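1. the following comprises the amino acid sequence and a computationally predicted model.
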Amino acid sequence: MFPLHDDNPTQDTSIVVYSLILVNVLIFGYQTSLPNFQLGEWLENWALFPKELIANPSKHAIALLSSQFLHGSIFHLVGNMWFLYLFGNNIEDRLGHWKFLFFYLICGVIAGIGQVVTAPTSMVPMVGASGAISGVMGAYLIRFPRARILSLVFLGFFVTAIPIPAAVFLGLWIAGQTVYAAMANPSLPGIAYLAHISGFGAGAIAMFLISKFSRAK
């Protein structure tokens, strides 16, 4: 399944979502302009290496933030930014601009820590906004479970677009991530499924607590 759009309008302009997309695109543009020897140094400085973080947290903790703005390819970037645009605008609308930015970054940090804990000796660089965006998706599941997401569904050679409840779409997505995580070795190069799961869980729990607190006031 691939999401096209939802039926969940916003009340305000998603300033932070648009700004995050712009920053990610600009950084990727700079990253791709670097020659190979400088790109390696760039990744050493700003990507997240689990073993290095474990060995020297005070020196490498910044990578929990900086790695969220690096991407491995144009497809990695475009996919992440599309999911951020689709799910992030409603969460920013719900939380407000500054709270959303804090929420987004913290989910990304927790996602990174989740991956580091499961692969503490790995020297595979972690890059990408998907951990933070997974947190946004977890929050969307809690806050807007009945929203409809028009999605492309691939059935062999047959492709169709159907509206799917957010609870179903996101439930299947996180279930898939969990299955893939169980089959993957987190110390080897590849998709950081455990970061996705950690970020998603953090976002869902945070939104549950926020919603509960708001109702109690």
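-> Good, I have the coordinates.
2. find the nearest non-adjacent residue to Thr178, please.
-> Ile197 (6.2 Å; C-beta to C-beta, 6 or more residues apart in numbering). The C-beta positions use only the backbone N, C-alpha and C, and glycine is treated the same way.
3. how near is that neighbour to Val23?
-> 25 Å (C-beta to C-beta, to the nearest Å).
4. any low-confidence regions in this protein?
-> Low-confidence segments of the chain (pLDDT under 70): 215-217.
5. helices along that one, start to end?
-> Using DSSP state H, the helices of the chain run over 15-33, 36-46, 50-55, 57-60, 63-66, 74-95, 97-118, 130-143, 166-183, 193-216.
6. mind checking how far the fifth one is from the chain centre?
-> Distance of helix 63-66 from the chain centroid (C-alpha atoms, centre = their mean, to the nearest Å) equals 13 Å.
7. repeat for the last one
-> Taking the mean C-alpha point of helix 193-216 and that of its whole chain, the gap between them comes to 13 Å (C-alpha atoms, centre = their mean).
8. could you do the third one as well?
-> For helix 50-55, the separation from the chain centroid amounts to 21 Å (computed by C-alpha atoms, centre = their mean).
9. mind listing residues that contact it?
-> 59-61, 63-64, 115-116, 119-124, 126 (C-beta atoms under 8 Å, 6 or more residues apart in numbering).
10. from these, which single one is nearest Met183?
-> Ala119 (14.8 Å; C-beta to C-beta).
11. the closest one touches Pro186, doesn't it?
-> Yes - using C-beta atoms under 8 Å, Ala119 makes contact with Pro186 at a distance of 3.9 Å.
12. hang on, the earlier thing: Ile197 and Val23: which has the busier surroundings?
-> Ile197 (22 against 12; other C-beta atoms under 10 Å).
13. so how far is Phe83 from that one?
-> For Ile197, the distance to Phe83 - C-beta to C-beta - is 15 Å.
14. same question, Ile113
-> 21 Å.
15. ok, now Pro165?
-> 17 Å.
16. in terms of neighbours, single out the busier of these two.
-> Phe83 (19 against 14).
17. what's the closest non-adjacent residue to that one?
-> Ile133 (5.2 Å).
18. so Pro186 touches Val116, yeah?
-> No - with contact defined as C-beta under 8 Å, Pro186 does not reach Val116; the gap is 9.4 Å.
19. which one of those two has more residues nearby?
-> A direct count of neighbours by other C-beta under 10 Å for Pro186 and Val116 places Val116 higher, at 27 against 21.
20. surely that one and Pro57 touch.
-> No - the pair Val116 / Pro57 is not scored as a contact, 9.9 Å apart, by C-beta under 8 Å.
21. what about Ile174, neighbour count?
-> Neighbour tally, Ile174, other C-beta under 10 Å: 18.
22. tell me who's in contact with it.
-> Contacts were defined as C-beta under 8 Å, 6+ apart; by that measure Ile174 touches 137-138, 141, 196-197, 200.
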